[in-house]
Every structure is written in structure tokens, then in C-alpha cells.
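A.B. asks: Any chance you can model this:
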Amino acid sequence: MVNRIFFILTIIGVPISVIGSYLHWNEVVLFIIYCITIIALAGIIGRATESLAILAGPRIGGLLNATFGNAVELIISLFALQAGLVEVVLASLTGSVIGNLLLVGGLSFFTGGLKYKRQNFNVYDARHNSGLLIFAIVLAFVIPEIFSMDMNLDRTMTLSIGVSIILMILYLAALFFKLVTHRGVYAKEQEKKEEEHEEAEWSKGKATLILLLATVAVAYISEHLVHTFETVGQKFGWSDLFIGIIVVAIVGNAAEHASAVVMAYKNKIGVSVEIAIGSSLQVAMFVSPLLVISSLFMNYQMPLVFSFPELIAMITSVFLTVSITGDGDTNWFEGLTLLCAYFIMAIGFYLL
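C.D. replies: Have a look, this model is predicted:
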């Protein structure tokens, strides 16, 4: 049902987006059309990537999922960065981290918990991901923030590039650890059986073509979406911080959000946890460093330095998530706790 809705929205939304951009429709109307269309396209990209991942095998498939998991948000951020909206980009990265951990995780735990009293997931994966989250958010993001206080922009950028390279190296090492050297070592028997019976929705050629076309469409619409931010912000009284943390983050990850909740309702809570925490790790250890390095080739450089409220929001999100997921067991109340934390932060960022 959801896939059919995404397909219909894509077929209608892409032509309307192109026509609207050429005829210069009202920017607020275009903003809404662009957001809905990008959400639908993100769903299509997710289905194509999943099919390729199953067909290519677990190792290459894992790499594909890691690469395209946040493709939509990465594309939007690159265009925003090119337009000089550095604050929006940093805010969207913050929004992705707290959105995936608190909103996606919270909705998944709450929805699954309403149907099942208890839901269990692989505690070893949870502990592994918890360590990476603490490293990436608490250590790698805090160091540039603190040290940059006594540095000029050039030294801050040098520090940011160094941290970014280390983050990407560790991220690739984490993929190698999970997909090659320790693949299946900590998996439960039920997880192994489910993996063996997976079937691809689309053929390799069809999935590749759809992925290519959807990515091109997202790139085109994202470029025009970025130019509507100023008008929309003035119209609704939204700051760049709020647009990045709430709007861009939710639009860029909407398809993953829906998938995680559906998986939790089907009692596949392990998949939901992997989506929520795995996506946060992708943003922190791959997308963020990639944007820092990409900014070197643009007119506006982006150091890996977040504002104090952004940093506090991410750190508290990490520790709350680690505390709740550390036992490999969850319920609806824990999900509600995560959701309440997200709404408290959303109110705070709106009022800034």
C-alpha cells in the first residue's frame, strides 16, 4: 500500500515539480510539492537499493545500503552548501541524528510495543553501535567544537578535515567488521534463516535503472527546493536552524522512517533498530565528513563545528538511546520516552 502511494506521488509529483519550477509558481506551494515528491522518490530509491543489496550478496549489499541510505539528504545538503546555507546543512545533520535516534526509534518502539508486550533485538549489535555513536557524536563532534574556540578558520578547517578523514576510515572499518570478518558471528539463528529466504523485488537491470532515474530526479528537485528556504522561512517565521533540523531532516529520511515503523509493527524490531541507529551512524561518520571535504571545492567551507544547542541535543539523544537499547529489549513506554525527548528538542529549536 505504502509503495503504491509512493509510486503514484512520484508519477504525479516529478512532472508538476518541473512545470512549477519553469513557470515560477508560488515558492511556498513549490516547497510543499518538492518535499512530497522527494519523500516519494526516497521510497523508490530505498526499494531499488534493497533489491540490489539482495541480488549482489551480503557484502556488496551492505555497502550499497550504507552508500544510498542517506543519498537524498546528502544531495539536498550538497546543493544547500553550494548556495552558502552552511547553517542549514549543519542543522540538517543534527536533525538527522536526533530524528533517527528519537523520532524513528521512538515511533518504532511505541508502535511495536502497542502490539507486542516485549520486543527483542540483537544486544551485541546494539552494544557495537552504541560504542560507535559515543565515539562519533560525543568525541569526534565535541573536539572540533572545544578546540576551535582558540583557533582561526584555517586551523579549524584543518582540524575538521583531520577528524572527518578519521571518521570515514573508522566507518569503513566498521562495515568491514560487520560484513566480512565478523559477519554472522553474533547473529541469532532466526536472523540467519530470515536472511537466507530474502527475495529481490526487482531484477538487477530494473533496480539499477530506477535507482539512476530516481537519483537524477532527486538532484533536480533538491536544487530547486534549496532556493525556496528563504521565502518559506520568512512566511512561517522559521529560522535556518529549524528548517535544517526539522524540515530537511524529516524530508530526507521520511522513507526510512516509514520502513522502520512498519518493520516494528511486523515484530522485526531488529531491523527497525538497525535503520534508526545505522542511519545516525551513516550521517555522523560518512555524510558529515563527506560534506566537510566537499566544501573545500566550493565557495563556502563548512567546518565540523556545530552550535552549542545542536551539540547538546545530539549528545543527550545518544546517551538516552544507549541507555534504552543496551539491554536488547524494548516496549511502548520506552518508545514514548524517546518521542517525548524529540518533541522537547523540537519546541526548543523552533523558539530559538
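A.B. asks: Could you check how many residues crowd around His24?
C.D. replies: 8 (other CB atoms under 10 Å). C-betas here are computed from N, CA, C, even on glycine.
A.B. asks: Do you know the pLDDT at it?
C.D. replies: Reading off the confidence values, His24 has pLDDT 87.
A.B. asks: Next: Thr330.
C.D. replies: 91.
A.B. asks: ok, it to Phe79 distance?
C.D. replies: 37 Å (CB to CB, to the nearest Å).
A.B. asks: Specify which residue of those two has the higher count of neighbours.
C.D. replies: Just comparing Thr330 and Phe79: by other CB under 10 Å the higher neighbour count belongs to Thr330, 27 against 19.
A.B. asks: so who does the more buried one touch?
C.D. replies: Applying CB atoms under 8 Å, 6 or more residues apart in numbering to Thr330 gives the contacts Phe109, Gly112, Gly113, Arg118, Gln119, Phe121, Ile269, Ile324.
A.B. asks: same deal with Phe135?
C.D. replies: Counting by CB under 8 Å, 6+ apart, Phe135 touches Leu170.
A.B. asks: Was I right to think Ile76 contacts Gly252?
C.D. replies: Yes: using CB atoms under 8 Å, Ile76 is in contact with Gly252, at 5.7 Å.
A.B. asks: one step back: which among the contacts of Thr330 gets closest to Asn152?
C.D. replies: Nearest to Asn152, judged by CB to CB, of these is Ile324 at 40.6 Å.
A.B. asks: Tell me, please, the helix or strand in the protein that averages the lowest pLDDT.
C.D. replies: Between all helices and strands in the chain, the lowest mean by mean pLDDT, DSSP states H and E belongs to helix 189-196, at a mean of 53.
A.B. asks: returning to that earlier point: now, which of the contacts of Thr330 lie within strands?
C.D. replies: Gln119 (DSSP state E).
A.B. asks: Name only those of the contacts of Thr330 that count as buried.
C.D. replies: Taking 16 or more other CB atoms under 10 Å as the criterion, what is buried in these is Phe109, Gly112, Gly113, Gln119, Phe121, Ile269, Ile324.
A.B. asks: Could you give the number of residues near Lys204?
C.D. replies: 12.
A.B. asks: From Ala56, how far out is it?
C.D. replies: Taken as CB to CB, the span from Lys204 to Ala56 is 8 Å.
A.B. asks: How about Thr49?
C.D. replies: 10 Å.
A.B. asks: which one of the contacts of Thr330 sits closest to Thr158?
C.D. replies: Ile324 (37.2 Å).
A.B. asks: Hmm, that closest one is touching Leu338, no?
C.D. replies: Yes: counting by CB under 8 Å, Ile324 does reach Leu338; the two are 6.8 Å apart.
A.B. asks: Which neighbours do these two have in common?
C.D. replies: By CB under 8 Å, 6+ apart, the residues touching both Ile324 and Leu338 are Gly105, Phe109.
A.B. asks: just the strands in the stretch 251-352 of the chain please.
C.D. replies: 329-330 (DSSP state E, counting those that start in this stretch).
A.B. asks: which intervals of it have sub-threshold pLDDT?
C.D. replies: Low-confidence segments of the stretch 251-352 of the chain (pLDDT under 70): 255-256.
A.B. asks: again, only using 90
C.D. replies: 251-280, 282, 299-300, 326-329, 350, 352 (pLDDT under 90).
A.B. asks: following the least confident helix or strand of the chain, which helix or strand shows up next?
C.D. replies: helix 204-226 (DSSP states H and E).
A.B. asks: Would you mark the buried spots in whatever helix or strand comes next after that next one?
C.D. replies: Counting by DSSP H and E, the next helix or strand C-terminal to helix 204-226 is helix 229-236. Residues of helix 229-236 classed as buried: Phe229, Val232, Gly233 (neighbour count, 16+ other CB under 10 Å).
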